[in-house]
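how would this look folded up:
(chains A, B, C and D)
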Protein chains: 2
Amino acid sequence: MSSMRIGEVAKRSGIGIETIRYYERQGLLLESERRPSGYRQFDESTVERLGYIRQAKELGFTLAEIRELLELSFTQSNCSHIHQRAEDKISDIETKIRSLQQMKRALRKIVEHCKSNNLSADCPLVHTNKRREPK
Amino acid sequence: MSSMRIGEVAKRSGIGIETIRYYERQGLLLESERRPSGYRQFDESTVERLGYIRQAKELGFTLAEIRELLELSFTQSNCSHIHQRAEDKISDIETKIRSLQQMKRALRKIVEHCKSNNLSADCPLVHTNKRREPK
DNA sequence: CTTGACTCTGTAGTATAGTCCAGAGTGTAA
DNA sequence: TTACACTCTGGACTATACTACAGAGTCAAG
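Modelled structure (predicted):
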């Protein structure tokens, strides 16, 4: 499975064909190899890269930021000027982690408050064997 | 400073006037008090709330998700059906934190690699007393 | 009592990130 | 050798989240 067409990559990565072409135009994917017919050819690394993009998007990075992250992460360029940019990204990420931990603590407090207030009385959900539909 | 007009709130929160009105329309802010003239009146809690919104946006939550988070965090409604939703949010947040930690490790690796490869030779930035402009 | 800064509503425009064709070519299985 | 699924480019369309007016009212200082 070392050479895939775009439909296969879309299936494997869970990202639509049109979106993959769009990412290519935006410079998030390297210009892809082409068959004589003009069909794009991809390998497994593109699937990985698309997974990375999806994840980064969920974390609130814009496509422009993701392009930067990809350049840092997938380029074996020499050190110059990479070092500082990587440090900067790391500290952005640390800030995000701290914010999320703070949100989590706040929500945790709500849950605790809820439990102690309503455990014995009027909180159906605490007692219910609740499960969620997966999407 | 318990009663502010929209311009003051905008200044304090760093969020534009038009955006604040937009958030109100989208239900992220409670319907604001009005003076007889029709001018909105806010207090400090709105500034806080706007800060929370800004932070959540940076973390990749959509306005719809933020509305949910706000309902959970700023409503003293009784426990019913809040509990599970809060738990769900917490586990979303934990996933985000794990992803960020993974990204951070990857970037850290790049920095390390960079240091060990170029420390003595051709990596100007490692040696430079680099500082960043704050924004 | 006017002037300049501020606010109101309603509507239109913009940027980002896709998503959806149309019309044409490709590839392969029956 | 044709039928059907797949792919190509280019351009138009959409949703989300703002952002920018126009035209009218508010308000405090001088």
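
which residues in chain A form strands?
All strands of chain A, identified by DSSP state E, fall at A:33-34, A:40-41.

And these, which one averages the lowest pLDDT?
Lowest mean pLDDT within the strands of chain A: strand A:33-34, at a mean of 92.

packing partners for that strand?
Applying 3 or more Cβ pairs under 8 Å, 6 or more residues apart in numbering or on different chains; DSSP states H and E, one finds that strand A:33-34 contacts strand A:40-41. For glycine as for every other residue, the C-beta is placed from the backbone atoms N, C-alpha and C.

The strand it packs on vs DNA strand C: in contact?
No: residues of strand A:40-41 are not located near DNA strand C by Cβ under 7 Å from any atom of the strand, the shortest gap being 10.4 Å.

if we can go back for a sec, now render the strands of chain A as JSON lines, adding mean neighbour count.
Below are the strands of chain A laid out as JSON lines (neighbours: other Cβ atoms under 10 Å in any protein chain shown):
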{"stretch": "strand A:33-34", "mean neighbour count": "10"}
{"stretch": "strand A:40-41", "mean neighbour count": "17"}
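
A:Ser73 and B:Leu72: what is the separation?
The gap separating A:Ser73 from B:Leu72 is 35 Å, by Cβ to Cβ, to the nearest Å.

Equivalent analysis for A:Glu94, please.
Using Cβ to Cβ, one gets 25 Å for the distance from A:Glu94 to B:Leu72.

who has more neighbours, the two?
B:Leu72 (19 against 13; other Cβ atoms under 10 Å in any protein chain shown).

can I assume that one is in contact with B:Arg85?
Yes: the pair B:Leu72 and B:Arg85 qualifies as a contact (Cβ atoms under 8 Å) at a distance of 6.2 Å.

How many neighbouring residues does A:Arg49 have?
When neighbours are counted by other Cβ under 10 Å, A:Arg49 registers 20.

Return the residues in contact with it.
Counting by Cβ atoms under 8 Å, 6 or more residues apart in numbering or on different chains, A:Arg49 touches A:28-29, A:70, A:74.

Longest helix in chain A, please.
The residue-count maximum for a helix in chain A (DSSP state H) belongs to helix A:82-118.

how about it: buried residues?
Neighbour counts using 16 or more other Cβ atoms under 10 Å in any protein chain shown place A:82-87, A:89-90, A:92-93, A:96-97, A:99-100, A:103-104, A:106-107, A:110-111, A:114, A:118 of helix A:82-118 among the buried residues.

How far does stretch A:50-66 sit from its chain's centre?
Distance of stretch A:50-66 from its chain centroid, counting by Cα atoms, centre = their mean, to the nearest Å, is 5 Å.

quick check: mean pLDDT across that stretch?
97.

State the number of residues packed around A:Arg5.
13.

Report whether stretch A:48-63 contacts DNA strand D.
No: Stretch A:48-63 does not reach DNA strand D (Cβ under 7 Å from any atom of the strand); its nearest approach is 10.7 Å.

Now the closest residue to A:Arg5 other than its chain neighbours, what are its backbone angles?
Spatial nearest neighbour of A:Arg5, chain neighbours left out: A:Tyr39 (5.8 Å); criterion: Cβ to Cβ, 6 or more residues apart in numbering or on different chains. Torsion angles at A:Tyr39 (phi, psi; degrees, to the nearest 10) stand at phi -60, psi 140.
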